[in-house]
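Q: Prediction below, plus the sequence it came from.
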Amino acid sequence: MTAPTDATRRAERRRPFLRARWSNLILLSYPVPDEVLGPYLHPALELDRWRDQAHVSLVAFDFQDTRVRGRRIPGLVNFSELNLRTYVRYHDQLGVLFVREFVPSRIVALVARLRYNEPYTAIDMSSNTVSQGHDLLRVEHHWRHNGAAGHINVTGPQQSVLPSDADAYPFKERRRGFGVSRRGELVSYRVEHPEWTVRDIHQLDYCVDFASLYGGAWGFLNETTPIQTTFAVGSAVEVFPPGR
């Protein structure tokens with residue numbers, strides 16, 4: 001077998017390593033004290049504040065038609081995800097940093113941890129999307145972790161709109177993700193997708209034990225109301241290798 005040339009390696013780095021559709025994203029966003037986020041920040045990163053306050057978003061959504069390096073891998077094609085992310089900046093680059101990401105598949109979690117050092121954990125979780133008549137859509141996410149059950153259920157219209165005021169949805173989209181390598185180096189990767197349309201939220205029902213999911217330091221969010229809830233339609237997404 002011929003070893004790949006430097007030109008081949010460069011070409012591979014220019015191509016996305018993951019293509020998928022991120023569908024029906026539900027975001028519950030909360031203000032948080034800086035000290036809670038400090039242990040997760042690489043020294044090169046700064047918190048990206050909104051209205052002089054750091055925030056996190058609990059995000060539930062579905063991966064669909066996932067391809068890694070152009071291939072559909074059994075067990076990694078369609079699955080749900082629940083993650084907690086905060087908002088950071090590196091010089092003029094704005095992005096997200098994940099506290100932890102939950103998926104129902106041990107395969108997905110293992111590949112993400114070993115290959116990309118992403119903070120993935122496999123738990124008992126499921127999602128369901130149901131059309132209610134011609135006009136309404138109901139999306140449900142359920143999970144159980146450390147003995148605590150949780151859920152996020154949202155109902156909204158099938159119809160969606162592109163926000164005319166981007167500032168009205170400060171947490172909806174970021175085009176770069178950040179992480180830390182096993183050697184402690186800052187990792188940065190690019191995410192490409194069109195701007196997401198949003199649905200109104202007619203009904204929202206959630207039960208989240210942040211302490212059971214993310215540790216005792218996060219328990220204060222159990223008594224906190226989100227300052228913003230977002231129901232985004234999602235789109236096809238391309239994620240590029242670190243450094244691109």
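A: Everything's here; your move. Numbering: from 1, shown residues only.
Q: What is the neighbour count of G215?
A: Around G215 there are 14 other residues, counting by other Cβ atoms under 10 Å. For glycine as for every other residue, the C-beta is placed from the backbone atoms N, C-alpha and C.
Q: got the CA positions of the strand or helix carrying E81 in CSV?
A: Element membership of E81, judged by DSSP states H and E, is strand 79-90. Output of strand 79-90 as CSV, limited to C-alpha atoms (Å, rounded to 0.1, in the frame of the first residue of the first chain):
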residue,chain,number,x,y,z
PHE,A,79,-28.8,9.5,16.9
SER,A,80,-29.8,12.1,19.4
GLU,A,81,-27.5,14.4,21.4
LEU,A,82,-27.8,16.5,24.6
ASN,A,83,-25.0,18.9,25.3
LEU,A,84,-24.1,21.8,27.6
ARG,A,85,-22.0,24.4,25.9
THR,A,86,-20.6,27.8,26.7
TYR,A,87,-19.6,30.7,24.4
VAL,A,88,-15.9,31.7,24.0
ARG,A,89,-13.6,33.7,21.8
TYR,A,90,-10.1,33.2,20.6
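Q: Walk me through which strands it pairs with, and which way each runs.
A: strand 46-47 (antiparallel), strand 55-68 (antiparallel), strand 93-103 (antiparallel) (DSSP bridges).
Q: for those strands, which one sits closest to P74?
A: Nearest to P74 among the strands paired with strand 79-90 is strand 55-68; the distance by Cβ to Cβ comes to 11.0 Å.
Q: Report the buried residues of the closest one.
A: 55-64, 66-68 (16 or more other Cβ atoms under 10 Å).
Q: Farthest pair within those residues?
A: H55 and R67 (31.6 Å).
Q: all strands of this structure, in order?
A: For the chain, applying DSSP state E gives strands covering 18-31, 46-47, 55-68, 79-90, 93-103, 120-122, 124-132, 136-145, 148-157, 176-180, 186-192, 198-199, 203-207, 228-239.
Q: Looking at these, which is nearest to P163?
A: Ranking these by proximity to P163 (Cβ to Cβ) places strand 198-199 first, at 6.0 Å.
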